[in-house]
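> Fold the following, please.
(chains A and B)
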Amino acid sequence: MTRLYIFRWDVVIQLNKNKHRSLAFFVLSLLLLVLLCIVAFPPAHASSPTVLITVKTDLVYPIPNATIYIDDTPYGLTNSAGILVLYQFPGGVHNVTAVESGHINKTITQDLTGGASIDFTLLDQPKVVATNDSMMFLVIDDTVARSAVAGANIYIDGKFGGKTDDAYGRYLSPLTGSHQVTVTKTNLVNNTADINFTKGGTYTFVMESTGKTYSIFDTNLYANSFITELEVGAINTIKLSVSAFIVGIFIGLVMGLGRVSSNRVFKGLASIYVEGVRGLPLLLQLLFVYYAIPFVFMDLTGTMLPIDSFTAALIALSMNSGSYMGEIFKAGIEAIHKGQMEAARSLGLSYNQSMRFVILPQALKIVLPALGNEFIALIKDSSIALVISYQDILWNAKYIGAANYNTFSPLVAAGTIYLCITIPLGRGVQYMEKRFNVNVAKPREQGAGLFGRGRTKKPTPEEIMELESNPEFVEVEHER
Amino acid sequence: MSDSMVTIQDLHKKFGNLEVLKGISLDIKKGEVVVILGPSGSGKSTILRCINRLEEPTSGHIFIEGEEITGPKVEINKMRQHVGMVFQQFNLFPHMTALGNVTMAPLRVQKKSKDEANRIGLELLKKVGLSDKAYSYPMQLSGGQQQRVAIARALAMKPDVMLFDEVTSALDPELVKEVLDVMKNLAMDGMTMIVVTHEMNFAKEVGDRIVLIDGGIIVEENTPDQFFTNPQHERTKKFLNMIKN
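Purely as a prediction, here's the structure:
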C-alpha cells in the first residue's frame, strides 16, 4: 500500500464557482454581441444583381488584368483572383470577350441576367513562332499540364534529327517537303506523323504517357530533389521552426507563469488560451490566420491585410507551440518544491523576484529536455505550412513530385532530410535528460520534494497531518 | 510591552474545517529563546509560519516590536526583513553556491552592492564555520552544513527574531550537534529565537522558556527547570513520559 495525494480540483472549482459563472456569462454575452453586430451589418454587395466573370487558364490559374468586352465595349479588368463582378451590364444576349496578352482571346455568347456567371478558360499563346526560313516542331505532354517536353528525340524519315530544347520543347528544322516525323521520349508513347513541311509552319506533337508506372526509386530524381529540398526547403523549414520556437518560448513562459499565478484574471486568461489553442487542430489555426483573418480584415477595412505565408505560419505555429510550452513551463514550475518559494519569500523577496531568481532558473533546467522535444515536434509540424504554399522541405518535395510525375523519390528525399534533422536533435535531448537528471535529483535526495521524483523518504506524520488538514488535498488508498 | 519582541494575541488558524490553532497568546521578549514543544500535528510549525505570514492567520493579531504585522495593509516583504526563518528541509537554492544563497537577500532585497553583499555573506559563513565552503553548491554539502548555510542565509538580513522550524529533524544524528552549536552561539549573542524542536537537551540548555502546545492551545508555559522537573499539567507529564520511552 502506498499513499497518494491528489489535488482536488472539484473543491477548488466549487470555491470559485460564482466568480467563474460571472466570467463565463461575460464572455458569452460578448460573443453574442459580436454575432449580433455581424447580423446587423451585412456586407454591402449581398443582394444587388450581378454578373460574375471568372477568367482562368486551362490549369485553372486565375488570369488577372484580363479586359472584359461586351459587344466590343470594355467593361473592366479582372482582379488578382481573375474575377470581375459586373454591377451594371446590358440585359439580353451578348458576346462577351476576355482579352489578355499572353493568352488566346475567347468569346462567349450568353444571356446576361442578374446572378449569371461566365467562366472563361484561356489557352496560352504559343510562346515562340517559327522563323520564316525554318519550320518548327512543338512537343508537348498531354498527361499533366500540357507542359513542354524537353529532350524529346526527333527522327525525320527514320534519321535522328535532334532533341527538343529545354525551355519550350521545340526543335527547329530547315527541311521542306513531305517527311515522316517520329518523336520519342522515355515514358511517353512514340508519336509518328507524315507532314508536308512549309517554311514558317509550326507543328505540334501532343504526346501521351505510356501509362507505365515510373520506376519506383529514381536515384537521379532522389539526388536532385534532395539537393533542392535541402538548399531551399530545409533552410525555410529551419527558419520557420527556429523563429516559431523562440516566439513560442516567450508565449509559453507567460502562459506557464499565468497558469501558476494566484491572480485570477491572469490565470483565467492563460487557461483559456492554453485550453483553447491546444483543443484546436493546428491546420485549422494555420488556415484561420492565413485566410480567415485577412478575410475579416478585408470585410472591415476594405484593404488587403499584407500577410505572407511565412508570417502566417510563424503566428500559427508559435501560438500553438506556445500553448504546449505553457504546460511544460507550468509543470516545470510546479515540480520545484514549494519550500523553495517559501524560503525565497521568507527572505523578503517578492513573488516576482522569487520566480525570477529562484524558481525559474531551476524550472528551466528541468524543462530543457521537454522543450527540446517540443522543438523536434515543431520541426515536424512546420511541414503543415505547405498548405499555404510556404516553400519548406515538404512543399518542395510535392512540387518536384508534381513536376516529374514521380512523388515517391522526392518524398523519400524529404523524409531523409527530416530524419537527418530530428534524429540528432533527439539524441541531444536524450543527452540533456541524462545530464540534468543527475543535477536535479541530487539536491532532492535530502528529502526535499514531497511529490518530486527525488523523494526518498516517507512523509513524516506531521506532514501527513498538515496535508490532510488542507482541503485541497484528498488521500487515496492505492493498491500496488 | 516595550521590551517585547514578538506578541501573539489570540491566534486562530483553520485549514478548511480543521482548526489547528485555537487561540494562542504568547509574548516573547528581546533576546529570549522560546522553545515550543508538542506532539506531531499540534500546530507548532503553524505558529511559526503565521509569524512569518507564510500562512494567513484566520483571526488574531501578531506584533513585532509593537508593530502589527497581521492585516491586509502590511508590507509583507518589508516585514519579513525582521524575521529570519530556517526550515526543516533547509530549502537551500540548489542552483546557487552557498555564498550565492546567503547573499540573495542583501543583493535582491536590500539592494546592496555585490562586494558589500559578498562581505556580509563571507562573514556569516565564517560565523557558522563554513568559510571554506562558500563556493560549494548545496548538493556538495552534508545535511548539517546545508542547514548551517540556511541559518547564515536567514541571518543575512540582520533579522530581529529567528524562527527555527524543526531544523534538526531531517539530519542524521551525528550532524545534529553542529547545527545546535551554531544555534547556541546565536542565542548567546542575544538573538531572539523561537525554536520548534524535538531536541529536549537543547530545550533544557538553551531555552529561557518552554511552551507545550497540544490540540491547538498552549498547555503549559514554564522555565526549563520547572517544565522538566516539576510539570504542572497532566498532559505535560504524559508528554514527558512519552519522550522518555
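> Low-confidence stretches in chain B?
For chain B, the stretches flagged by pLDDT under 70 are B:1-2, B:245.
> burial count for the residue lying closest to residue A:185 once chain neighbours are set aside?
For residue A:185, ignoring the flanking residues on the chain, the nearest one in space by CB to CB, 6 or more residues apart in numbering or on different chains is residue A:152 at 4.2 Å. Placement of C-beta: from N, CA and C, glycine included. Neighbourhood size, residue A:152 [other CB atoms under 10 Å in any protein chain shown]: 25.
> Name all residues that make contact with residue A:152.
For residue A:152, the contacting residues are A:139, A:163, A:164, A:169, A:171, A:183, A:184, A:185, A:188, A:207, by CB atoms under 8 Å, 6 or more residues apart in numbering or on different chains.
> before we move on, what about residue A:353?
Contacts of residue A:353 (CB under 8 Å, 6+ apart): A:344, B:108, B:109.
> again, 7 Å this time
Contact analysis of residue A:353 by CB atoms under 7 Å, 6 or more residues apart in numbering or on different chains lists residue B:108.
> What separation do you get for it and residue B:113?
Taking CB to CB, to the nearest Å as the measure, residue A:353 falls 18 Å from residue B:113.
> next one: residue A:414
Look at residue A:414 and residue B:113: by CB to CB, they are 57 Å apart.
> Ok, residue A:374 next?
Distance, residue A:374 to residue B:113, by CB to CB: 40 Å.
> more neighbours, the two?
Comparing residue A:374 with residue B:113 by other CB under 10 Å, the one with more neighbours is residue A:374, at 22 against 10.
> any residue of the helix or strand containing residue B:85 up close to chain A?
Element membership for residue B:85, per DSSP states H and E: strand B:83-86. Yes: shown here: strand B:83-86 in contact with chain A (CB under 7 Å from any CB of the partner chain) through residue B:85.
> Which strands or helices does that strand pack on?
Judged by 3 or more CB pairs under 7 Å, 6 or more residues apart in numbering or on different chains; DSSP states H and E, strand B:83-86 is in contact with helix B:143-155, strand B:161-165.
> doesn't residue B:46 make contact with residue B:20?
Yes: using CB atoms under 7 Å, residue B:20 is in contact with residue B:46, at 5.1 Å.
> joint contacts of those two?
Contact criterion CB under 7 Å, 6+ apart; residues shared by residue B:20 and residue B:46: residue B:13.
> The helix or strand that comes right after the strand holding residue B:85 vs chain A: in contact?
Going down the chain from strand B:83-86, the next helix or strand is helix B:98-108, by DSSP H and E. Yes: interface with chain A: helix B:98-108 contributes B:104, B:105, B:108 (CB under 7 Å from any CB).
> Turn those into TSV, columns for neighbour count and distance to residue B:36.
Below are the residues of helix B:98-108 next to chain A laid out as TSV (neighbours: other CB atoms under 10 Å in any protein chain shown; distance: CB to CB, whole Å):
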residue	neighbour count	distance to residue B:36
B:104	26	27
B:105	28	25
B:108	20	30
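> Pick the one among the residues you listed closest to chain A.
Proximity of the residues of helix B:98-108 next to chain A to chain A (CB to the nearest CB) peaks at residue B:105, which lies at 4.2 Å.
> Quick check, that closest one in contact with residue B:156.
Yes: the criterion here is CB under 7 Å, and residue B:105 meets it with residue B:156 at 5.1 Å.
> Show me how far whichever helix or strand residue A:246 is part of is from its chain's centre.
Applying DSSP H and E as the criterion places residue A:246 in helix A:235-260. Centroid separation between helix A:235-260 and its chain, computed with CA atoms, centre = their mean, to the nearest Å, is 17 Å.
> average model confidence for it?
Per-residue pLDDT values over helix A:235-260 give a mean of 95.
> Chain B against chain A: which residues are in contact?
Taking CB under 7 Å from any CB as the criterion, chain B approaches chain A at residues B:15-16, B:18, B:20, B:40-41, B:52, B:54, B:77, B:80-81, B:85, B:87, B:89-91, B:93-95, B:104-105, B:108-109, B:138-139, B:143, B:146, B:153, B:157, B:170.
> Appreciated, that's everything.
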